[in-house]
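In: Whatever this is, show me its structure:
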Amino acid sequence: DQLLILPSGEIAVAFGRNGEGPGASKDQWDGMPYLRVTANGRIQAVFAWVPRNPCNSTVAMPRGIIEFSIPFCAGPLSSIASDGSTIAVVQADQAAHSYQVWAMKPSGDTAFSRRFNYSPVAIPNSRFDSALTRARTRLERLGASVPSFHRPDSYPPLDHLVVGRDGSVWLGDYLVGTTRGWHVLDRNGNLIGEVILPGNVTVAVAERGQVWGAAGT
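Out: Next up is the predicted model:
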């Protein structure tokens, strides 16, 4: 799914997979590994794992299967710096109203691991029901039904993640209103600032003190 040249000349490869992998725990079997690969295709190491996504469910249809995403469920996020120097992974715990941020190097070393609490924002019943109706309509059109699931009690804390070449990590709030807050962590995982941007701005590149993005219409 992703391919990037590392400073060492090796290649970082990320891809979705199912099944047990070397060095993987049971919870990682259906996660996404980041591999460090030589130019001739030899796998050197698994240097990072993105946890399995608890927000997706496979639904049977008369002819095949389809994936159902639980509305407003916080799945894991991952991003890698454009020069391959740092990868960040975020996993939220909506029940505990917290999220964990890891930053790792292609060597496999952990730059930092930090947990943050957030103030939950309740999902209005009308908005949740509307999302569920859209999902139900789509699935029923394909001959499937909405599977049972645990409804989140609040919006996900984050839905955007950008890693800078300077090791900074930018965490974008889940968009509820017209603006999105971005929490900026330094290379050691310390919160060093927050930025408010219009909700229609997609951040493409960000580093400490600078951010580049494009505004949609």
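
In: beta partners of the residue nearest the centre of the chain?
Out: Nearest to the mean C-alpha position of the chain, by Cα atoms, centre = their mean, lies residue 77 at 1.0 Å. Residue 77 forms beta bridges with residue 90, as assigned by DSSP bridges.

In: With residue 179 instead?
Out: Here residue 179 sits in beta bridges with residue 198, as judged by DSSP bridges.

In: that older thread, which pLDDT value goes with the residue nearest to the centre of the chain?
Out: What the model reports for residue 77 is a pLDDT of 95.

In: which residues does it contact?
Out: 89-91, 158-161 (Cβ atoms under 8 Å, 6 or more residues apart in numbering). Backbone N, C-alpha and C define where each C-beta goes, glycine included.

In: Check residue 18 and give its pLDDT.
Out: Here the pLDDT value assigned to residue 18 is 48.

In: before we move on, what about the one 4 residues further on?
Out: Listed pLDDT for residue 22 reads 47.

In: Against residue 9, how distant is residue 73?
Out: If you measure residue 73 against residue 9 using Cβ to Cβ, to the nearest Å, the figure is 39 Å.

In: go on, residue 104?
Out: For residue 104, the distance to residue 9 (Cβ to Cβ) stands at 19 Å.

In: gap between stretch 176-194 and the chain center?
Out: Between the centre of stretch 176-194 and the centre of its host chain there is 15 Å, according to Cα atoms, centre = their mean, to the nearest Å.

In: okay, residue 73 and residue 9: which has more neighbours?
Out: residue 73 (18 against 8; other Cβ atoms under 10 Å).

In: Determine which residue of this structure is most distant from the centre point.
Out: Most peripheral residue of the chain (Cα atoms, centre = their mean): residue 62, 31.4 Å.

In: Looks like that one contacts residue 140 (just checking).
Out: No. Applying Cβ atoms under 8 Å as the test, residue 62 and residue 140 come out as separate, 12.0 Å apart.

In: which residue ranges form the helices in this protein?
Out: 125-141 (DSSP state H).

In: Pairing partners for the helix or strand of it with the lowest mean pLDDT, with directions?
Out: Every helix and strand in the chain was compared by mean pLDDT, DSSP states H and E; the lowest is strand 2-5, with a mean of 74. Strand 2-5 has the following strand partners under DSSP bridges: strand 11-14 (antiparallel).

In: pLDDT (mean, whole number) over the strand it pairs with?
Out: Here the average pLDDT along strand 11-14 is 81.

In: Could you count how many residues lie near the nearest residue to residue 167 once chain neighbours are set aside?
Out: The shortest distance from residue 167 to any non-neighbouring residue, by Cβ to Cβ, 6 or more residues apart in numbering, is to residue 187 (3.2 Å). Residues lying near residue 187 (other Cβ under 10 Å) number 17.

In: tell me the contacts of residue 187?
Out: Residue 187 neighbours (Cβ under 8 Å, 6+ apart): 86, 103, 111-112, 166-168.

In: Show the buried residues in those.
Out: 86, 103, 111-112, 166-168 (16 or more other Cβ atoms under 10 Å).

In: right, and out of those, which lies closest to residue 136?
Out: residue 103 (39.0 Å; Cβ to Cβ).
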